[in-house]
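Novice: here's my sequence, what's the structure:
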Amino acid sequence: SSAYKQSAVVVTNAIQNIGYLQSNPSELVVGSISQQQTTTSNYPFGKQVRDNINGTLSVGVSISILNYLQVRNNVKKQVVDISNADLNEEQVKITLRKTLEQVYTNAENSRAQYNAAAEEVKANKAAYDIAVVKYDEGKAIASDLILQKNAYIKSLFDLLQAKYSMFFNDKILGYYTGKPIVF
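Specialist: Predicted structure coming up:
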């Protein structure tokens with residue numbers, strides 16, 4: 001720019017009297033004092049160009065045939081990338097379907113387990129009631145009664161465990177089908 005100013009800094013050293021000795025005030029102490037002076041001047045555009053010119057020359061050549069091959073390869077690469085994305089999407093869909101089917105199977109199995117445990121409780125309750133009647137009439141011993149009671153209690157425990165398993169699997173199935181989880 002022709003508005004640019006060139007700055008020059010001129011430093012001058014001069015020997016000057018800087019004071020007197022404290023022990024002998026009649027003796028002078030001299031020293032070198034530096035003084036800095038900045039001057040600015042116009043810096044014409046032509047001189048700026050001459051001062052900053054570099055000795056480099058470059059030539060660029062673009063061959064469109066090679067560029068075509070690069071573009072063609074990039075297009076083919078993008079087609080392959082699109083195919084990979086489609087395959088990944090299909091894999092995700094298959095994985096989701098597999099997960100949903102497994103969750104559904106788990107829910108159905110836990111429901112069947114609960115129903116079987118409920119039937120087992122009914123059967124063990126009936127067997128325990130019969131064992132109590134037999135024991136009261138003296139036709140069974142205490143150990144038989146205790147064994148029937150333990151079997152009944154175990155079936156109650158199995159029923160409770162199956163109930164919570166069914167509840168849990170139903171909540172998971174509801175989550176995957178879009179129902180909110182509410183307890």
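Novice: how about residue 160, phi and psi?
Specialist: phi -60, psi -40 (degrees, to the nearest 10).
Novice: and it, how far is that from residue 145?
Specialist: 23 Å (CB to CB, to the nearest Å). No exception for glycine: its C-beta is placed from N, CA and C like everyone else's.
Novice: what of residue 159?
Specialist: 21 Å.
Novice: these two - which one has more neighbours?
Specialist: residue 159 (20 against 16; other CB atoms under 10 Å).
Novice: now the helix or strand harbouring the more buried one: buried residues?
Specialist: Assigned by DSSP states H and E, residue 159 falls within helix 142-176. For helix 142-176, the neighbour count (16 or more other CB atoms under 10 Å) marks 145, 148, 151-152, 155, 158-159, 162, 165-166, 169-170, 172-173 as buried.
Novice: in three-state terms, label residue 6 for me.
Specialist: Using DSSP: H, G, I helix; E, B strand; the rest coil, the structure places residue 6 in strand.
Novice: report pLDDT for it.
Specialist: Looking at residue 6, its pLDDT stands at 75.
Novice: need the contact list for it.
Specialist: Going by CB atoms under 8 Å, 6 or more residues apart in numbering, residue 6 touches 40-43.
Novice: next: residue 110.
Specialist: 162, 165-166, 168-170.
Novice: for residue 60, see how far away it is.
Specialist: For residue 110, the distance to residue 60 - CB to CB - is 72 Å.
Novice: what's the answer for residue 40, then?
Specialist: Counting by CB to CB - residue 40 and residue 60 are separated by 40 Å.
Novice: check residue 137 too.
Specialist: Counting by CB to CB - residue 137 and residue 60 are separated by 112 Å.
Novice: more crowded one of these two?
Specialist: Per other CB under 10 Å, whichever of residue 137 and residue 60 has more neighbours is residue 137, with 8 against 4.
Novice: quick one, grab the pLDDT at the more buried one.
Specialist: Looking at residue 137, its pLDDT is 91.
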